[in-house]
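[1] Sequence first, then the predicted structure, then my questions.
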Amino acid sequence: MPIITVRHLHKDFQLFKHHRGLLGAFRNLFTREFRTVNAVNDVSFSIERGELVGYLGPNGAGKSTTLKMLTGILVPTRGEACVNGRVPWKERAAHAHDIGVVFGQRTNLWWDLPVIESFDLLHYIYRVPDQRYYQNLLRFQDLLGLGEFLHTPVRSLSLGQRMRADLAAALLHDPKLVFLDEPTIGLDVVAKERIRQFIQSINRERGVTVILTTHDLGDVEKLCERVMMIDRGRLLFDGPLSTLRERFGGERELVVDLADDYDDVTVDGATVVAREGRRVTYRFGANGLTASDLIARLSGRFRIGDLSVREPEIEATVRRIYEERLLD
Amino acid sequence: MRLYFELAKKAAQRQLAYRQANLAGLLTNLFFGALRAYVLIALYGLRPEIAGYTLTAAITYTGLTQAILRAVQIFGWQDLMKTVRSGDIASDLAKPFDYYFFWLAQDLGANVVHLIVRGIPIMWVYAVATPMVWPSDANAALAFAFSLLLAMLVSFAWRFCVNITALWSADALGFARLGYTLAMFLSGFLVPVAFFPSWLKTLAAWTPFPAMIETPVQIWLGILSGPAVTAALIQQAFWAGVMMLLGRLMLAAGTRKLVIQGG
Amino acid sequence: MESPPAAIRLKPERAAYLRLYLRLISIRIRSQMQYRLSFLLDVVGNFLSNFTDLAALMVMFTQARSLGGWSFGEIAFLYGLSSASFALHELFQGAFDNDVFASYIQRGLFDQMLIRPLPTLFQMMTEYFVLRRLGRMTQGLIALGLGVALAQPHWTFAKLLYLPVVIAGGGMFFLAISIVGCTLCFWTVQSTEVVNIFTYGGTTMLQYPLTIYQEWMQKFFVYVLPMAFINYLPTLYFLDKPDPFHLPAFVPFLAPVVCVAVFLLSLRIWQFGVAHYTSTGS
């Protein structure tokens, strides 16, 4: 029995043409001109317990809309969904009890309270047994390094800190399923790694099913075995990441600032495309080498000061997939 | 001079843009005006006049006060205080114009809009719905206009002083609310000052508040006439002058403090 | 072991809700009481600003003996009832304040509530609590005390029992108005200031005997939007005053029924609003 079953899910939004001004306000009352936007268009899939699925797509593709329907805060226009044995929008509160949600752009914590007080409240709201709550708290504190800001009000946290707090909060009540909406957005490389590691551990060690929406391919690469790709409301691809990688087969660039002067900066598996003093640009990926592998190789050979990965435009990838008509 | 005119104009335009708020405010004004009118009618009963106000004058009073209340901002205003809290005041003070007149210009600009957008419709509705007392002649009307302008100045000066205290106290908002409540009552907005028992009347006379509402209203209604009008206008001007001077002094002291302490 | 019957299972739920409610409110109170001077100022300020209405009434009565046939004490009683009811409503109002709720929707805080496993109504009531509301409660009780002292109603046991019922009912009615006012925000997304005419305008209007207003207004507030049941009609009973509407004698006792009915209706309207919000998204 899959933990999520989605069948022919549709969500249409009606955008009213807003007339401006006072006269316009009157016009708005009488003529309702609108256009329909198919935010989610006939999406079907099912997800088994323990999977870690990436849900990719450019901005406005319909990722957040799908997520909102699966978390129960949006009612679809047509179609069915069954999550944890329930219809999310029909049993909102009960459903909320069994899932964890993290929205990248918004927090689920209380803005003006210290983090620990938010956690405390959540432990009561979700009716987590005290023992379990403290166990989880200690474990997450460890894994996510929360100790440094546990007593800081949420509004004073940096983005990275807030994201870690939100992740912990979402898992305090041991949900079997979590939805993570852009959890690494806006974070630096180190913070991203930390969060990815955390997600990986809860999936592997606790068997938590994770649905991860993102348009950061680094997230996908590190975490997901299965990937779903959505664009303009339609599900374009649903399958293993390896297939996706074969298809897009594109290359990426890694820009490294070396800490020393080296004569030979070549490395296996990547090509040096540019060099400016200590800054070297490598191109890699066509042969399946991941960014993390390349970084590992480079750190083995050189002392690195700083680095950044130039991701390929996901729009380009999607366009390519769309043109090749990959449908599962 | 030109600059301040532009600032006033900008403020006026901004105020005009809040169409929904302006309309909602107008409706609220009309509602409360009507309410107060009914209460006064019931109070008068069969009596022809109270404290020199005929019933018609009293009803006109309810309309007038609603018409000018927003222009005179009798409920108070915290915008300046907010710039202290946000720190914007520092950059405002550094700008190449007179800080006091900067705020005054914008205040007048926005309030003139209120006079037009609310004042005129309210008086029009009243004129249609009920008998009214109008200024007796052109002189009275002119005196009213002048008095209203002075009232707006007194009100601004008062609000400026209240707001600028934020440079010294973090609890300025709490004190401000208290101050505004007192001001509202003593200005004659809820009940004419003329109705007050004599001790309270004397108390009010020692404050600038009646100058904000009671004085212009009494000029309009003709309760004040002849030389009394001139006296009242001089009194208003006095209050405007005193409060503005006080405000400027507080501003100077506050700026010095800011510069020394760094806000 | 077989699971306990439904009735017993439900009890711990309700107790848990109450405890959670108290916990959430106390957190808000604690974080505000940190700023003790501000808190005190707020309460006193709130008290005073509500007192101005009473002060205006007193001034008016220095000029006349009665207003619309009612003495100062009688009007103070009327005013006290409405004030106490409004203050009670404010204690439970939570985020059901137009300006507050409109900003919640804009900041996505309502979505945050939808994610949590609690009814939205419960969350709305616990999310926002400003201590300064206590100022109005104090003032309302003082006004009521003044009214009782001056109007000197002939107390019976029944009247004493009925008084808190009327105040509670009035509180529910005002709460209903606030709830409906906020539900409108789902459609307009901005604060609907016109609602203030019913909340603040309503309380002001109720401070005086209904009979001083135009006939159509009186009929409206008895039969259409029955705010007369908040204080006016019960006061006729408390102060043994004749009924100008010539309604049947049991009508003043309908107050709790009317208020509860209006409140339940407002809850339905709120649910309708939430359903609309969740279908059209944000």
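    In hand now; what should we look at? Numbering: from 1, shown residues only, chains lettered A, B, ... in the order given.
[2] shaky segments in the chain?
    All of this refers to chain A. Scanning chain A with the threshold set as pLDDT under 70 gives A:17-32, A:245-251, A:286, A:311-328.
[3] Switch to chain B, please.
    Flagging of chain B using pLDDT under 70 yields the residue ranges B:261-263.
[4] Now for it: which helix has the highest residue count?
    Counting residues, the longest helix in chain B under DSSP state H turns out to be helix B:227-261.
[5] Report the distance from that helix to the chain centre.
    15 Å (C-alpha atoms, centre = their mean, to the nearest Å).
[6] now do stretch B:48-61
    For stretch B:48-61, the distance between its averaged C-alpha position and the chain's averaged C-alpha position is 22 Å (C-alpha atoms, centre = their mean).
[7] thinking again about what came up before, and the longest helix of chain B, what does it pack against?
    The contact analysis (3 or more C-beta pairs under 8 Å, 6 or more residues apart in numbering or on different chains; DSSP states H and E) places helix B:227-261 against helix B:88-94, helix B:99-114, helix B:138-164, helix B:214-221. In short, each C-beta sits where N, CA and C put it, glycine included.
[8] and the angle for it with helix B:99-114?
    Regarding helix B:227-261 and helix B:99-114, their directions subtend 130 degrees when assessed with axes from the mean of the first three to the mean of the last three C-alpha atoms, to 10 degrees.
[9] Any idea how many residues pack against residue A:261?
    Using other C-beta atoms under 10 Å in any protein chain shown, residue A:261 has 8 other residues around it.
[10] Tell me which helix or strand it sits in.
    Per DSSP states H and E, residue A:261 falls between elements, in no helix or strand.
[11] My read is that it contacts residue A:280, right?
    No - the pair residue A:261 and residue A:280 fails to qualify as a contact (C-beta atoms under 8 Å) at a distance of 11.3 Å.
[12] Strands of the stretch 101-250 of chain A, residue ranges please.
    A:177-181, A:209-214, A:226-231, A:234-240 (DSSP state E, counting those that start in this stretch).
[13] next one: the stretch 101-250 of chain C
    Under the criterion DSSP E, counting those that start in this stretch, the stretch 101-250 of chain C contains no strands.
[14] which bits of it sit near chain A?
    C:108, C:111, C:112, C:114, C:115, C:116, C:117, C:118, C:119 (C-beta under 8 Å from any C-beta of the partner chain).
[15] Tell me which of those residues fall in helices.
    Those of these mapping onto helices are C:111, C:112, C:114, C:115, per DSSP H.
[16] what sits against residue C:239?
    For residue C:239, the contacting residues are C:74, C:77, C:151, C:153, by C-beta atoms under 8 Å, 6 or more residues apart in numbering or on different chains.
[17] returning to that earlier point: and the buried ones among the residues of the stretch 101-250 of chain C next to chain A, selectable in ChimeraX?
    Here is the ChimeraX selection string for the buried members of these, based on 16 or more other C-beta atoms under 10 Å in any protein chain shown:
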select /C:111,112,114,115,116,117,118
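[18] could you redo the residues of the stretch 101-250 of chain C next to chain A as TSV and give each row distance to residue B:143 and pLDDT?
    What follows is these, written out as TSV (distance: C-beta to C-beta, whole Å; pLDDT from 0 to 100):
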residue	distance to residue B:143	pLDDT
C:108	54	85
C:111	57	90
C:112	57	90
C:114	60	93
C:115	62	92
C:116	62	93
C:117	67	92
C:118	62	91
C:119	61	91
